[in-house]
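# quick check, what structure comes out for this input:
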Amino acid sequence: MNVVSWSGGKDSTATIILAHEHGIPIDAIVMSVVWFDKENGISGEYPEHLEWSVNVAKPMFESWGYPTYIVSADSDYIENFHKVIGRGERKGKIRAFPLGGRCAINRDCKVPPVKDFVKSLGDDVVQFIGIAADESERLKRMTGNKRSLLAEFGYTEADAKAFCEQYGLLSPSYSMSARGGCWFCPNQKISGFAYLKQNHPQLWEQLEILSQEPNKVSEGFRYGSTFAEMAEEVEKYISKPEQNTFGRFTKIREDMKMCKVNAQTEEYESFFILGQDALFTNARLDRTTIPVGLYAYDLRDACDGNINELKDFVLVNHWGTVLVKEPIEGASEGVQIHAYDYNYIGETMTLDEFISIPEEAEQMSEVTMA
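Now for the predicted structure:
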C-alpha cells in the first residue's frame, strides 16, 4: 500500500503529481492539520493555504483517483502553551511559546496523526515523502519503508516548485513566503509576521494576548527575542514600502473564493500573448477545472485600460485570465507586459477547439505538402 504524507507544500505536492504522471498507484494521501485553538475552531494553518488545500488540491487529487484524508491531533497549540512543567527548577511555570528550531508543536500536533494513520493501515505500507534530490542530508535520514519520488526522478526543490506551477497546484503560501508552515511558527521571517499582522490581524492578536500571560517559563518568542521585540521589528518592516512586498496584498483567500468559473464551460476570445496563441476571458477561472497541459495566468490592469502584468494569481486590478499551452517563465513573481506583447484576435473559441489546434494545423500542413 502506497501512502503520501502531504503537507500542501511544493515537494509533497510534486510527489503526488509525479505519481500521477508515471502511473504509480497511490492508495491514500494524508495531510495533518495543526490546530491553534481547537475548541474555538482556530486552525494553525494559514487560511489561504488551508482553503487552497481543501478546495483546490484535494479535489484535484481525488479526481485522479487518490483518496485524500485530513487528520489532526487532539492536542493543539493552546494546550501546549499552557502545559505546566512538573519538575525541576521551573516547576509550576507554563511552557509558553515553542522554541524556534525545536518546535514542540510539530512533535506533539503535526507528526503523531500521520503516524497513527499509517499504522492503522497495517505493516505493508510504503510511505512517499516529499524530499527533493538536492536535500542530501534529509535523504540520508530516510529510514524504513519510505521513498522519495523526487529523488528517484532527479527533481530538485526548484524543479518541484516549477512542476507544481505547471499543474496550477502551487499553494498560495508561496506568494507570502519561500517556505510553508503554521502562521505562529517562530522560524518564519519577519516579513512573514508582517504579512500575518497586515492580512490576518485577528490571528496576530492571538499571539499578542498570549504574550501578556504571566508565569511563562520564558519570554522568548523568536530566537532570543521576546514577542514585543519581534513586534517592533515587524513595525519597522511594515513602515518601509520598498521592502514590504506583502503590504500590497489583499487576502489571497478572497481571491480563491472568487475562482468559481468552470474553465470547461467558459466562453473565450482568441488571444495572443508573449509569442503564444491563447484563450482570454474576463472571468477568474477555477484552476481545478483546467485540463492538464494548459496553463492559466491572470492579467493585471494598469488602471488605464491596458495590461501591465501577467502573474499566476492577480488579486488587485484583475483584468482577465489567459490559457496557454506552454508555461511562462517568471509568472510566479510576475512578468511585465507591454502593448506589443499581446493582441486580441477578435474571434470566439471553445476550449476544445483551442486544444485541437495543433492536430488540425498538422493535418493542414500535410494536405498542403501533398
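# in this structure, which residue is most central in space?
Nearest residue to the geometric centre of the chain (CA atoms, centre = their mean): Ser171, 1.6 Å.
# tell me if I'm right that it and Ser12 touch.
No - Ser171 is not in contact with Ser12 according to CB atoms under 8 Å; the separation is 10.3 Å. No exception for glycine: its C-beta is placed from N, CA and C like everyone else's.
# if we can go back for a sec, contacts only, for the residue nearest to the centre of the chain.
By CB atoms under 8 Å, 6 or more residues apart in numbering, the contact list for Ser171 reads Gly8, Gly9, Lys10, Thr13, Glu48, His49, Trp52, Ser53, Ala57, Cys164, Gly180.
# pipe those residues into a markdown table and attach pLDDT per row.
Formatted as a markdown table, the contacts of Ser171 follow (pLDDT from 0 to 100):
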| residue | pLDDT |
| --- | --- |
| Gly8 | 94 |
| Gly9 | 93 |
| Lys10 | 95 |
| Thr13 | 97 |
| Glu48 | 89 |
| His49 | 91 |
| Trp52 | 91 |
| Ser53 | 92 |
| Ala57 | 92 |
| Cys164 | 92 |
| Gly180 | 72 |
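# secondary structure and distance to Leu274 for those residues - can I get that in JSON lines?
Below are the contacts of Ser171 laid out as JSON lines (DSSP: H, G, I helix; E, B strand; the rest coil; distance: CB to CB, whole Å):
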{"residue": "Gly8", "secondary structure": "coil", "distance to Leu274": "30"}
{"residue": "Gly9", "secondary structure": "coil", "distance to Leu274": "29"}
{"residue": "Lys10", "secondary structure": "helix", "distance to Leu274": "24"}
{"residue": "Thr13", "secondary structure": "helix", "distance to Leu274": "26"}
{"residue": "Glu48", "secondary structure": "helix", "distance to Leu274": "27"}
{"residue": "His49", "secondary structure": "helix", "distance to Leu274": "29"}
{"residue": "Trp52", "secondary structure": "helix", "distance to Leu274": "26"}
{"residue": "Ser53", "secondary structure": "helix", "distance to Leu274": "30"}
{"residue": "Ala57", "secondary structure": "helix", "distance to Leu274": "27"}
{"residue": "Cys164", "secondary structure": "helix", "distance to Leu274": "21"}
{"residue": "Gly180", "secondary structure": "coil", "distance to Leu274": "30"}
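# in the stretch 51-200 of the chain, which spans are strands?
68-71, 126-128, 146-147 (DSSP state E, counting those that start in this stretch).
# could you list the paired strands of the longest one along with their orientation?
Sheet pairing of strand 68-71 (DSSP bridges) gives strand 28-32 (parallel).
# who touches the partner strand?
1-8, 16, 53, 58, 61, 66-73, 109-111, 113-114, 117-118, 121.
# and after it, which helix or strand comes next?
Once strand 28-32 ends, the next helix or strand along the chain (criterion: DSSP states H and E) is strand 35-37.
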